[in-house]
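Novice: Using only what follows, build the 3D model:
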Amino acid sequence: MIILGLAGGFDRLYESFFDFGADLLHDAAAVIVRDGEVVAGIEEERLNRIKHTNKIWHSAVRFCLQQADIRLEELDLIAVYVSEAFLDESLKQLRLVKADMAAVEDGRAMYQYLFRREFGVDLPREKFSFVNHHLAHAATAYYMSGFEQSLVLTIDGSGDNVSTTVVDVLANTFNTLMTKPVHESLGFFYLDVIRFLGYRIFDEYKVMGLAPYGDANRFADQFSGFYTLLPNGDYTLHREKIVGLYEALMPRHGDQPFEQIHKDLAAALQQALETIVMHMLSHFQQTTGHKRLALAGGVGQNSSMNGKIMQSGLFEKVFAPSFAADSGCAFGAAMYAAHCSLPELPFKRVPHAYWGTPTLAGDDLYRTLAKWQAFATIEKMTDRADRVSDLMIAGKVVGWVQGRSEFGPRALGNRSIIADPRLGSHKETINAMIKMRESYRPFAPSVLEEYVGDFFDVPGDERDFPFMAFVLPVKSAHRDTLAAITHVDGSARLQTVSKVHNPEYWELIDAFRQKTGIAMVLNTSFNNHAEPIVDSADDAMVCYLTSGLDYLVVGDCLLTKKAWGETELKSLIPSLPKAARLIQEDCYRDNQHRSLQSYIEWNYGGSSRRLIPNDLYRVLQAADGKMPLQTLMARAGVGSDNEAALYEAFQELWSSRYIVLTPSAVG
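Specialist: Residues are numbered from 1 along each chain as shown. All right, here's what the predicted structure looks like:
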């Protein structure tokens, strides 16, 4: 049986017909499961290059169909991550304000319309299966874990008008023990507070890294009024009181520095979350007797919380996937539908998430990389692990692209930036010059699973942490040595690497171990602050060229930057991202003074725009996907006195992904 799982929105990349904000239908994804085994899975953001995209999943579906070598008509089911009743009611409300939706009678008709619009295929109504949002989350955790029986906790902002569920699962039977409504959402509670730190939705994970610098006691009195722990594992939130934080601090904005009060607030928030969650889990572990726990939902990606749960000893086994948030619901919905249709399917742990785009190889890879020869030299290696381990030992930071890309928001060794975990200077270098993000942010270690107990305090004989889902203590004897991956509190969010499931990455780390005695490398996602994790070789080249990375390895090719500048930039062909458009507006200071201002504007979840020079606007307006910058600038009449500044502007916009620059031909 072949099942397609879906998560995400309805609008095309360049549309906003449904006008959903970024906080709804985000993290679009598709997964194909054949007889309970994942064949392909990818997040739409890897392909449309918009982080947390809430646009339609069409590119992800096309990729999965291609990887599975099947046609849409051959699918047995399409499983969607929302209940049919909730979707039907939502569409009723939508029809009140969208006259064009009058003909779409219900959720099944809506998905029939979407597949007809995107693929030109008429699918029967019975082809669609709808899985409650939190059930899809629970199924993600449960079927990934391989636990035949376990307690499952799902926590997010909202889904199907629910924010939290506690579920008792035995042999594919999901028995919900508790649900919490949206006004009791721990996800929204967390979001309410981080606004005082200058953060917004999708920044929650940053606060985990800030919290260890703070003292939670500073805000103990305030937070004691934000929630009440109730009998039977229940709680209630008093989110209306959060505004009282104004008495202690004003919200941080923009590039204002983080002061100690901000760090203390982060610590108090993290402590409050962990207190509430442990209260729930303690009760339901006692009443059910479960010794195993699986976690999901967006809050299930709080790896600091997950680590505290694991270290508490409340459960013998704790599992969390790398894609606990909404993209994972594509997997959960598909797997739930599969096990309901085929109850005889076995329960086994899913060992990895390398389900995405394969890295090119051979002549195809060389042809792709050769387009960039004006910017980098290309060397084919026969001793990849040996060469790259030497580069890291020499203090170099390397982009590493191998195999199939990872499903979900974690780079697990196939689309990673890697470096020597001993060099404390890497923290500043990688955060500032490569990731272009806050200086306090920690880095994760990828450690050979055979050696994890040598370096980290792990519970019992646990050796399997493949999804970078738990923050655990670095052994005190190694904290000074492992300066680049040890956080201020002596912890690290670790990932174990298996020789069976990722032999290329394992061999690289083992080569590093043989030379240094350290069986791990520093691993962070291969992207900068403005983009999702790279997926293709071209994505990797762009990130490499617009960052401070020293080297790039794609497959068996080693790329080394040449000294490049304006001359090379002139040869590139500019275009706008598909989700962006050019805007020009008249601006008036008063009745006598008028000016023309130009922008690049994103068409995405509440548009954002970037002011650009008017000359640059004219160049981009004339771009046809064929002419290089040099030709376009000449045709736009850009004067020689303005050229240098304009090239600098193009380079900055390229680095921040407001424009696309591609090579015109093989050099």
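Novice: low pLDDT regions in this structure?
Specialist: Flagging of the chain using pLDDT under 70 yields the residue ranges 19-23, 588-593, 604-607, 665-667.
Novice: what do you get if the cut-off is 50, keeping everything else the same?
Specialist: Applying pLDDT under 50 to the chain flags the ranges 667.
Novice: Can you give the contact residues for stretch 119-133?
Specialist: 3, 58, 61, 72-73, 75, 77-84, 86-87, 107-109, 111-112, 115-116, 139, 159-160, 162, 329, 332-333, 336-337 (C-beta atoms under 8 Å, 6 or more residues apart in numbering). (Glycine included, C-beta is placed from N, CA and C.)
Novice: Would you list the buried entries among the residues you listed?
Specialist: Neighbour counting over these (16 or more other C-beta atoms under 10 Å) leaves 3, 58, 61, 72, 75, 77-84, 86-87, 107-108, 111-112, 115, 139, 159-160, 162, 329, 332-333, 336-337 as the buried ones.
Novice: So residue 380 is in contact with residue 556, correct?
Specialist: Yes: counting by C-beta atoms under 8 Å, residue 556 is a contact partner of residue 380 at 5.8 Å.
Novice: Looking at those two now, which is surrounded by more residues?
Specialist: Using other C-beta atoms under 10 Å as the criterion, residue 380 and residue 556 rank with residue 556 on top: 18 against 11.
Novice: any idea how far that one is from residue 387?
Specialist: Residue 556 is 10 Å from residue 387, where distance means C-beta to C-beta, to the nearest Å.
Novice: ok, which stretches of the stretch 451-600 of the chain are strands?
Specialist: Under the criterion DSSP state E, counting those that start in this stretch, the stretch 451-600 of the chain contains strands at 470-473, 491-497, 520-525, 551-554, 557-561, 573-575, 580-588, 594-602.
Novice: what's the closest of the ones you listed to residue 269?
Specialist: The closest of these to residue 269 is strand 470-473. By C-beta to C-beta, the value is 15.7 Å.
Novice: max-length strand in the protein?
Specialist: strand 149-159 (DSSP state E).
Novice: In CSV, list the C-alpha atoms belonging to it.
Specialist: C-alpha atoms of strand 149-159 as CSV (Å, rounded to 0.1, in the frame of the first residue of the first chain):
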residue,chain,number,x,y,z
GLN,A,149,3.4,0.6,23.9
SER,A,150,4.2,4.0,25.3
LEU,A,151,3.0,7.3,26.7
VAL,A,152,2.9,10.0,24.0
LEU,A,153,3.0,13.7,24.8
THR,A,154,2.2,16.2,22.0
ILE,A,155,2.6,20.0,22.6
ASP,A,156,2.4,22.8,20.1
GLY,A,157,0.7,26.2,19.5
SER,A,158,-2.5,24.8,18.2
GLY,A,159,-4.0,22.3,15.8
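Novice: Residue 47 contacts residue 61, correct?
Specialist: No: with contact defined as C-beta under 8 Å, residue 47 does not count as touching residue 61 (10.3 Å).
Novice: Distance check, residue 308 against residue 116.
Specialist: Counting by C-beta to C-beta, the gap from residue 308 to residue 116 is 48 Å.
Novice: likewise residue 305?
Specialist: From residue 305 over to residue 116 (counting by C-beta to C-beta), the distance is 43 Å.
Novice: now swap in residue 423 and tell me
Specialist: Here the criterion is C-beta to C-beta. By it, residue 423 lies 55 Å from residue 116.
Novice: Give me the neighbour count for the residue lying closest to residue 218 once chain neighbours are set aside.
Specialist: Distances taken as C-beta to C-beta, 6 or more residues apart in numbering put residue 264 closest to residue 218, at 4.0 Å, once the chain neighbours are dropped. Residue 264 is flanked by 21 other residues according to other C-beta under 10 Å.
Novice: Am I right that residue 264 is in a helix?
Specialist: Yes: assessed by DSSP: H, G, I helix; E, B strand; the rest coil, residue 264 belongs to a helix.
Novice: Next up, the contacts around it.
Specialist: 214, 215, 216, 218, 219.
Novice: Then residue 297?
Specialist: By C-beta under 8 Å, 6+ apart, the contact list for residue 297 reads 134, 137, 153, 154, 155, 156, 164, 187, 324, 325.
Novice: Confirm the first one sits in a helix?
Specialist: Yes: in this structure, residue 134 lies within a helix as judged by three-state DSSP.
Novice: Make 56 the first number, not 1, from now on.
Specialist: Right, with 56 as the first residue, what we last looked at is residue 189.
Novice: I'd like to know how far it sits from residue 512.
Specialist: Counting by C-beta to C-beta - residue 189 and residue 512 are separated by 33 Å.
Novice: go on, the second one?
Specialist: Taking C-beta to C-beta as the measure, residue 192 falls 29 Å from residue 512.
Novice: The two: which is more packed in?
Specialist: Counted by other C-beta under 10 Å, residue 192 and residue 512 do not tie: residue 192 has more neighbours, with 34 against 13.
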